[in-house]
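Chemist: Sequence first, predicted model second:
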Amino acid sequence: MTSVTEAESAATPELGDVLEIRGGRPLRGQVDVKGAKNLATKAMVASLLGETPSILRDVPEIRDVEVVRSLLEVHGVRVTEGEEPGSLVLDPTAAKSAGFEEIDAHAGSSRIPILFCGPLLHLLGQAFIPDLGGCRIGDRPIDFHLDALRKFGAIVDKQPNGIRLSAPEGLHGASIELPYPSVGATEQVLLTAVRAKGVTELKNAAIEPEIMDLIGVLQKMGAIISYEPNRVIFIEGVAELKGYDHRSLFDRNEAASWACAALATDGEIFVKGARQYEMLTFLNVYRKTGGAFDITDEGITFRRAKTPLNPVMVETDVHPGFMTDWQQPLIVALTQAEGVSIVHETVYENRLGFTSALNQMGADIVVHPEGLAGAYRRVARRPLEQAAVITGPTPLQGADIVVPDLRGGYAYVIAALAAKGTSRVSNVGIIRRGYEKFFDKLTALGADFDVVG
Ligand SMILES: CC(=O)N[C@H]1[C@@H](OP(=O)(O)OP(=O)(O)OC[C@H]2O[C@@H](n3ccc(=O)[nH]c3=O)[C@H](O)[C@@H]2O)O[C@H](CO)[C@@H](O)[C@@H]1O
Ligand SMILES: C=C(OP(=O)(O)O)C(=O)O
């Protein structure tokens, strides 16, 4: 078994783990957003399907990319920096001869290993996938993934520390309907079906912009994928794929986070690289909240249109709805709205726990773990819904707080920046999973902080 340690993959010394933040200063200036965490990592896995090297551009310098890079290297993919800054060359030509590796890698740090199943089964006929990490925001089962893999002809054997897969007869096209439009399960089907024998029909697929960009990557490699109305995707398997040359979609989650930082601190931030189309839903909510934005070809500038902000009612949802990864930084801004805001979380069952630290800082947020009975819904909701009721405006005071997960952590940092007085924010290393050059960007925006641990 090959072990790829956290230390090996997270060697970048940019971030410490504890920040002392002196709040009360508006964030002003420019930040650049590069490729999306939720696309770049998947495009990197796709390189394993090609017969020739791939080039991925605008790769973000984040820990999840480092994790996937080391997993690819364990499987014999040669990963080097490309000529263009921020690009990677992924050469899979030695992967087949590298043979089967049972990896014990990064349990607790990323969800991407599950997407190696299809590519490894095509390449080697077998795979071992360790237990997954990622943010602890609910149960996050992988049953949709495993059911789909079985339909392709894979044999799945659950083991104490992961799953072992084999495909003695090879993989064939399948007819699959997801119980819920899961992003990861849709990617699993795409990465497996492109080289399976025959046609795959996927119903109730996720259609997030990152999925569309992954389909673009696979089409460049030679795949035949058509996207039909009503969340149906058809994939005609092909015998061989080549490498791709692709510039990653921008990180709309990072862009939305900085937009909320401008709102919460009453600052003004130009997010270079942000685009309107992928953020339409976010921008509507931003405007209703009392935020303003100017869109140009280079990016989007975010600021407040008024103070105090307006209260809003938001339901997180699959695309084209309001993304679950946007609600945490928005909730910080909503503590400064005049009146009662409601955020219904419908994607994960435990994604509002981070609000308790905001209450410690002076916010008035009540979480209803079973959702709000009788509340208005656009469509019927899943039983795992919870709701946060935020009453504002409430001044925030500095506090000692511990980052729980990626987006919750970002929310804590902007809450501390918006608060009066000094905060000590621990465990900020988690933020490296999805925000590149985070300290540099805070400094560029005029944040007053020190790394103290
Ligand atoms: C690396 C990455 O791209 N992460 C994103 C991805 O996560 P991820 O791909 O893990 O999220 P999914 O869309 O799969 O999960 C959505 C819901 O489906 C459930 N589910 C999923 C798979 C399964 O086999 N069984 C099952 O029940 C999950 O528990 C969750 O309640 O999409 C989420 C929803 O937009 C985002 O918050 C994450 O940032
Ligand atoms: C939930 C997230 O990521 P992951 O799926 O990688 O845990 C996120 O990016 O907010």
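Modeler: Now that the structure is in, tell me what you want to look at. Ligands and ions are numbered 1, 2, ... in the order given.

Chemist: can you give me how far stretch 20-28 is from the chain middle?
Modeler: 26 Å (C-alpha atoms, centre = their mean, to the nearest Å).

Chemist: For ligand 2, give me its nearest residue in this structure.
Modeler: G134 (2.9 Å; C-beta to the nearest ligand atom). Where you see a C-beta, it was placed from the backbone N, CA and C, and this is true even at glycine.

Chemist: neighbours of that residue, just the number please.
Modeler: G134 has 17 neighbours, counted by other C-beta atoms under 10 Å.

Chemist: In contact with the residue nearest to it when sequence neighbours are not counted, which residues are there?
Modeler: Of all residues not flanking G134 in the chain, R111 sits nearest, at 3.7 Å (C-beta to C-beta, 6 or more residues apart in numbering). For R111, the contacting residues are 132-134, 140, 184, by C-beta atoms under 8 Å, 6 or more residues apart in numbering.

Chemist: Which members of those residues are the farthest-apart pair?
Modeler: G133 and G184 (12.9 Å; C-beta to C-beta).

Chemist: Kindly state the domain boundaries assigned to the chain.
Modeler: Domain ranges of the chain: 2-33+250-451, 37-247, per automatic domain parsing.

Chemist: looking at those, which is closest to ligand 1?
Modeler: Closest to ligand 1 of the domains of the chain, according to C-beta to the nearest ligand atom: domain 37-247, at 2.9 Å.

Chemist: tell me the mean pLDDT for that closest one?
Modeler: Averaging pLDDT along domain 37-247 gives 93.

Chemist: for ligand 2, what are the nearby residues on the stretch 351-453 of the chain?
Modeler: Within the stretch 351-453 of the chain, the positions near ligand 2 by C-beta under 6 Å from any ligand atom are 406-407, 434.

Chemist: circling back to that earlier point, check contacts around the residue of the chain closest to ligand 2.
Modeler: Per C-beta under 8 Å, 6+ apart, neighbours of G134: 109-111, 140.

Chemist: now N359
Modeler: Per C-beta under 8 Å, 6+ apart, neighbours of N359: I365.

Chemist: Quick check: it is in a helix.
Modeler: Yes: using DSSP: H, G, I helix; E, B strand; the rest coil, the assignment for N359 is a helix.

Chemist: Dump stretch 215-225 to CSV, keeping only the CA atoms.
Modeler: The C-alpha coordinates for stretch 215-225 follow below in CSV (Å, rounded to 0.1, in the frame of the first residue of the first chain):
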residue,chain,number,x,y,z
ILE,A,215,-18.1,17.7,-20.5
GLY,A,216,-16.1,20.3,-22.5
VAL,A,217,-12.9,18.7,-21.4
LEU,A,218,-14.1,15.2,-22.2
GLN,A,219,-15.3,16.3,-25.7
LYS,A,220,-11.8,17.8,-26.4
MET,A,221,-10.4,14.3,-25.5
GLY,A,222,-12.7,12.7,-28.1
ALA,A,223,-15.8,11.8,-26.1
ILE,A,224,-19.3,12.0,-27.5
ILE,A,225,-21.6,13.5,-25.0
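
Chemist: right, is stretch 168-184 up against ligand 1?
Modeler: Yes: using C-beta under 6 Å from any ligand atom, stretch 168-184 reaches ligand 1 at 180, 182-184.

Chemist: What about those residues, which are in helices?
Modeler: 183-184 (DSSP state H).

Chemist: Show me where the chain has its helices.
Modeler: 6-9, 37-46, 63-74, 95-98, 117-124, 143-151, 183-193, 209-221, 252-265, 280-288, 327-334, 355-360, 406-418, 438-444.

Chemist: ok, how many other residues are close to Q327?
Modeler: 26.

Chemist: so what pLDDT did it get?
Modeler: 98.

Chemist: got the contact list for it?
Modeler: Q327 neighbours (C-beta under 8 Å, 6+ apart): 314, 316, 343, 345, 351, 407.

Chemist: how many neighbours does the nearest residue to the second one once chain neighbours are set aside have?
Modeler: Ranked by C-beta to C-beta, 6+ apart and with sequence neighbours excluded, the top spatial neighbour of T316 is T324, at 4.2 Å. A count of neighbours around T324, defined by other C-beta under 10 Å, yields 19.

Chemist: ok, now P369?
Modeler: Every residue meeting other C-beta under 10 Å relative to P369 is counted, giving 12.

Chemist: Just give the nearest non-adjacent residue to it, would you?
Modeler: Q386 (5.3 Å).

Chemist: Alpha carbons of stretch 73-85, in PDB - could you do that?
Modeler: This file holds the C-alpha atoms of stretch 73-85, laid out as PDB (Å, rounded to 0.1, in the frame of the first residue of the first chain):
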ATOM      1  CA  GLU A  73       1.600  10.600  -9.400                       C
ATOM      2  CA  VAL A  74       1.100   7.500  -7.300                       C
ATOM      3  CA  HIS A  75      -0.700   6.000 -10.300                       C
ATOM      4  CA  GLY A  76       2.200   6.800 -12.700                       C
ATOM      5  CA  VAL A  77       1.000  10.100 -14.200                       C
ATOM      6  CA  ARG A  78       3.900  12.600 -14.700                       C
ATOM      7  CA  VAL A  79       2.700  16.000 -13.500                       C
ATOM      8  CA  THR A  80       4.900  19.000 -14.400                       C
ATOM      9  CA  GLU A  81       4.500  22.800 -14.500                       C
ATOM     10  CA  GLY A  82       3.500  24.000 -18.000                       C
ATOM     11  CA  GLU A  83       5.100  26.900 -19.900                       C
ATOM     12  CA  GLU A  84       2.300  29.200 -19.000                       C
ATOM     13  CA  PRO A  85       2.300  30.200 -15.300                       C
END
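
Chemist: what's next to it, contact-wise?
Modeler: By C-beta under 8 Å, 6+ apart, stretch 73-85 touches 2, 4, 47-48, 55, 57, 69, 72, 87-99, 101, 103, 105, 116, 120.

Chemist: how much space between E169 and A154?
Modeler: 10 Å (C-beta to C-beta, to the nearest Å).

Chemist: ok, P85 - how many residues close by?
Modeler: 8.

Chemist: ok, now the one 4 residues further on?
Modeler: When neighbours are counted by other C-beta under 10 Å, V89 registers 17.
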